[in-house]
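> sequence-free structure coming up:
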């Protein structure tokens, strides 16, 4: 089992930045794909970004390309999401996810482990 704990969310003005962290425990995530999803009120959970185990492959939702960057530090068992140029439409609960199967799928279903989420609110 892998436990994931997100942190770094908060309230920020439009145009600002936040850095989310996802700390894993229980097992090393060095061979897992890691991803970030988000869910706004009344909407389905949607893909934000993902990275394979080595960091050699990363994927982003079109809505965040050029603004968000996913990274990982396998030595610290931690994944990050740097969010720049934030917009009010980025407001959501952000979830970290892990997949030992190596998928970087846009679909939440293949992802086996999830954190509890961290709230991000972007004010206009």
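Nice, I can see it. This one's a predicted model, so the numbers in the text were calculated from it and none came from an experiment. Numbers count the residues shown, from 1 in each chain.
> With adjacent residues omitted, what lies nearest to residue 76?
Leaving out its chain neighbours, the residue that sits closest to residue 76 by CB to CB, 6 or more residues apart in numbering is residue 23, at 7.9 Å. Every C-beta, even on glycine, is put in place using the N, C-alpha and C of the backbone.
> The one you found and residue 41: what is the separation?
For residue 23, the distance to residue 41 (CB to CB, to the nearest Å) stands at 26 Å.
> For the residue nearest to residue 76, give me the pLDDT.
Residue 23 is assigned 97 on the pLDDT scale.
> check which helix or strand covers it.
Assessed by DSSP states H and E, residue 23 sits inside strand 18-25.
> Spell out which strands sit alongside the helix or strand following that strand in the sheet and which way each one runs.
Next along the chain after strand 18-25, taking DSSP H and E as the criterion, comes strand 33-39. Note on strand 33-39: by DSSP bridges, its sheet partners are strand 46-51 (antiparallel), strand 92-99 (antiparallel).
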